[in-house]
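[1] Need a 3D model of the following:
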Amino acid sequence: MRKFSIPGLSLLILLAILYQSCNKLDKADFRTLVSVQILPDDTVLVIGQSIQFRAIGTFLDSSKRDITEDINWFASPAGLLRMSEKGYANVLDTGDVYVVCGAMGLISGCIVKNTTPEGFEKELVLQDYYHDYVTSELADCGWTGSIANCDPGTVSADAQKKVVQRINYFRHLVGVQDKIFLNQTFNEKCQVAALMVKSNSTLNHYPDSATSSCWTRPGFDGCANSNLSMTEHTTSAITSYIKDEGLNNKNVSHRRLLLFTKARQMGHGSTDNSNAIWVLQGTTGTPAYSPEYIAYPPKGYVPATLVFPRWSFGLKDADFSDATVTMKDTSNQIVKCAVISRTDNGVGDNTIVWEPEEISTTGPGDVTYIVTIGNILVGSETKSYTYTVIIIQVSN
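    Got it, this is the predicted structure:
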């Protein structure tokens, strides 16, 4: 999540908190207060909407208590959010607002982005991008292993957490169940698989025990059931799988398996430059919710940095043998599309893949494309789907 930035506050608000926080000691004894947490964190609200902020205090004895009504509340700049002395707020106008609560010189805060109903979905996509994608970047995975000793080692707990975060970010982006968790047995096999990829400098889902260095049965299992990379680790590998470039990846199988509607648990292993993500045998029955189809890039708003050359459309049990792909821009100009795969192999959701020519991802402003997938055979019925992709610009 993006963390609240103290420099973003005006000096006036800070002084007000420090001054007024001493005036509520008659309501609550804050002398043993050690920290304050505001809830919710950064959020997006619509004009006319109301929200109750909460303040949770942690005390010297490690106890926690709701101190919402006993703490000071402020919102800046004025005129965008009406804030009561008990943390209840009404949205008045569009713009970014700093909401702050404080007591005894301790403060906590968040950024509230006020928007119109029309802009709400876009702001949510941007918030998710900054909160869940950008914050999952990881330069060093903390790998402790060694090729020389055929030691698979481990990666840091933070690396495991961020891998899950990035997988679930992409799943949430396309609208599928985003509660993937890591299976420890899968993790251990993937860690050995990542070592084998690094040690042999090759991608092989079925490595030979006689010719592969650092071969083990758990490592073989990891290779056979995983997406593999020998150039990326942890979260950067996840994005590479979603991008799925290369002559051997025209059916975007890595993307399809990460976004598979029935996926529930996965596994992860990395070295400093290789990766394995267990994507098979971790499925469940029909999920409680899944979209009618899985498009990438998805319908609606999508960050420009995550729009890749290969577009795909997945539909359970669909036959794309005679399907057509049509793309238009907002001027009704046809975008040429080269269909490169019509996958129907039972691994992940059946998917059609195409590469549109000369699309714009750099703006200026939002860029919109209307996509129609026609002549899809599902059982004995022929179906067609039309959806709109809106590419939005993001800051680094």
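[2] so how far does stretch 78-92 reach from one end to the other?
    10 Å (C-alpha to C-alpha, to the nearest Å).
[3] list the buried ones in that stretch?
    Across stretch 78-92, burial judged by 16 or more other C-beta atoms under 10 Å covers 80, 81, 83, 87, 89, 91, 92. (Glycine included, C-beta is placed from N, CA and C.)
[4] So which of those are in strands?
    81, 83, 89, 91 (DSSP state E).
[5] could I get these as CSV with distance to residue 203 and pLDDT?
    Below are those laid out as CSV (distance: C-beta to C-beta, whole Å; pLDDT from 0 to 100):
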residue, distance to residue 203, pLDDT
81, 52, 93
83, 55, 92
89, 52, 94
91, 51, 93
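[6] Show me which pair in these is furthest apart.
    Taking C-beta to C-beta as the measure, these span a maximum distance of 10.7 Å, between 83 and 91.
[7] May I have the distance across stretch 246-253, first residue to last?
    First-to-last residue span, stretch 246-253, C-alpha to C-alpha: 12 Å.
[8] What is the distance between that stretch and the centre of its chain?
    Centroid separation between stretch 246-253 and its chain, computed with C-alpha atoms, centre = their mean, to the nearest Å, is 22 Å.
[9] Spatially central residue for the protein, please.
    Computing the C-alpha centroid of the chain and ranking residues by C-alpha atoms, centre = their mean puts residue 169 first, at 1.7 Å.
[10] what about the closest residue to that one other than its chain neighbours, neighbour count?
    Of all residues not flanking residue 169 in the chain, residue 132 sits nearest, at 4.4 Å (C-beta to C-beta, 6 or more residues apart in numbering). A count of neighbours around residue 132, defined by other C-beta atoms under 10 Å, yields 18.
[11] would you say residue 132 is within a helix?
    Yes - if the criterion is DSSP: H, G, I helix; E, B strand; the rest coil, then residue 132 is within a helix.
[12] and after the least confident helix or strand in the chain by mean pLDDT, which helix or strand comes next?
    In the chain, no helix or strand scores lower on mean pLDDT, DSSP states H and E than helix 11-20, which sits at a mean of 49. Next helix or strand after helix 11-20 toward the C-terminus (DSSP states H and E): strand 33-39.
[13] now for that following strand, which elements pack on it?
    In terms of contacts (3 or more C-beta pairs under 8 Å, 6 or more residues apart in numbering; DSSP states H and E), strand 33-39 is packed against strand 54-59, strand 95-103, strand 106-115.
[14] got JSON lines for the ones you listed, with distance to residue 70 too?
    As requested, these are exported to JSON lines (distance: least, C-beta to C-beta, whole Å):
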{"stretch": "strand 54-59", "distance to residue 70": "8"}
{"stretch": "strand 95-103", "distance to residue 70": "7"}
{"stretch": "strand 106-115", "distance to residue 70": "13"}
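[15] for the ones you listed, which one sits closest to residue 301?
    Closest of these to residue 301 is strand 106-115, at 12.6 Å (criterion: C-beta to C-beta).
[16] avg pLDDT for that closest one?
    Across strand 106-115, the average pLDDT comes to 90.
[17] Do a quick rundown of the strands in the stretch 201-350 of the chain.
    Taking DSSP state E, counting those that start in this stretch as the criterion, the stretch 201-350 of the chain carries its strands at 226-229, 265-270, 275-278, 294-296, 300-303, 311-314, 318-319, 324-329, 334-335, 337-343.
[18] want to throw the ones you listed into TSV with mean pLDDT and distance to residue 355?
    Listed next are those as TSV, based on pLDDT from 0 to 100; distance: least, C-beta to C-beta, whole Å:
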stretch	mean pLDDT	distance to residue 355
strand 226-229	97	21
strand 265-270	97	28
strand 275-278	98	24
strand 294-296	97	13
strand 300-303	96	17
strand 311-314	97	7
strand 318-319	94	20
strand 324-329	97	10
strand 334-335	96	11
strand 337-343	95	5
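[19] possible to save those strands as a markdown table with distance to residue 246 and mean neighbour count?
    Output for those, formatted as a markdown table (distance: least, C-beta to C-beta, whole Å; neighbours: other C-beta atoms under 10 Å):
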| stretch | distance to residue 246 | mean neighbour count |
| --- | --- | --- |
| strand 226-229 | 11 | 24 |
| strand 265-270 | 20 | 28 |
| strand 275-278 | 15 | 29 |
| strand 294-296 | 16 | 24 |
| strand 300-303 | 22 | 20 |
| strand 311-314 | 15 | 24 |
| strand 318-319 | 25 | 20 |
| strand 324-329 | 21 | 16 |
| strand 334-335 | 23 | 13 |
| strand 337-343 | 12 | 16 |
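[20] how close does the nearest residue to residue 44 once chain neighbours are set aside sit to residue 394?
    Sequence neighbours aside, residue 123 is the residue nearest to residue 44 in space, at 4.4 Å (criterion: C-beta to C-beta, 6+ apart). Separation of residue 123 from residue 394 (C-beta to C-beta, to the nearest Å): 12 Å.
[21] So those two - more neighbours on which side?
    A direct count of neighbours by other C-beta under 10 Å for residue 123 and residue 394 places residue 123 higher, at 19 against 14.
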